[in-house]
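Asker: let me see the structure of the following:
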Amino acid sequence: MSITATKVVNGEIVYENGRRVILTGRDAIAQRLKNAISIWLGEFSLEPLLGVDWETLLEKGISRGRIRSAIVSVIDADPAVIRIVSFSIEDAEPAERTISIRFTVQTTEGEVADEVTA
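Answerer: The predicted model follows:
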């Protein structure tokens, strides 16, 4: 069974010639992981358990370790992910309260590396 995902850029589905752009293989896995990290837990009604509990993680005093653990759990939940090769979190815009998440994972389709700002 081939792995597919709809291409999303800046939260918007991408269309070409009136049709959704469908990604396959490693590109599809990267898109799924970026979506899962970016989505707030419960935000997507068709999959209410998809996403990160950002509401809790944005509270004052939450440790970097707890944030890391929550995001790693989301990555590990993807059925195509075999293992996390590397993972880092950096403050992207402290004033905006955003973080930059970089990850490399070994998947059923090969290695996938990407970055998400959340």
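
Asker: heading C-terminal from the helix or strand bottoming out on mean pLDDT in the chain, find the next helix or strand.
Answerer: Every helix and strand of the chain was ranked by mean pLDDT, DSSP states H and E. The lowest is helix 54-57, at a mean of 85. Using DSSP states H and E, the helix or strand that follows helix 54-57 in sequence is helix 64-76.

Asker: list the buried residues for that following helix?
Answerer: 67, 70-71, 74-75 (16 or more other Cβ atoms under 10 Å). Heads up, the C-betas are built off the backbone N, CA and C, glycines and all.

Asker: and the nearest residue to Ile37 once chain neighbours are set aside, its phi and psi?
Answerer: Leaving aside its sequence neighbours, Ile37 sits nearest to Val116 (Cβ to Cβ, 6 or more residues apart in numbering; 4.7 Å). Backbone torsions for Val116, taken as degrees, to the nearest 10, come to phi -130, psi 140.

Asker: got the CA coordinates for the longest strand anywhere in the chain in PDB?
Answerer: When the chain is parsed with DSSP state E, its longest strand is strand 81-93. Output of strand 81-93 as PDB, limited to C-alpha atoms (Å, rounded to 0.1, in the frame of the first residue of the first chain):
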ATOM      1  CA  VAL A  81       8.200   5.900  11.500                       C
ATOM      2  CA  ILE A  82      10.700   3.200  12.600                       C
ATOM      3  CA  ARG A  83      12.800   5.400  14.800                       C
ATOM      4  CA  ILE A  84      13.900   9.000  15.400                       C
ATOM      5  CA  VAL A  85      17.400   9.600  14.200                       C
ATOM      6  CA  SER A  86      17.700  13.200  15.400                       C
ATOM      7  CA  PHE A  87      15.500  15.800  17.000                       C
ATOM      8  CA  SER A  88      15.900  19.400  18.200                       C
ATOM      9  CA  ILE A  89      13.900  22.200  19.500                       C
ATOM     10  CA  GLU A  90      15.000  25.900  19.400                       C
ATOM     11  CA  ASP A  91      13.200  29.100  20.200                       C
ATOM     12  CA  ALA A  92      12.300  30.600  16.800                       C
ATOM     13  CA  GLU A  93      10.700  33.800  18.000                       C
END
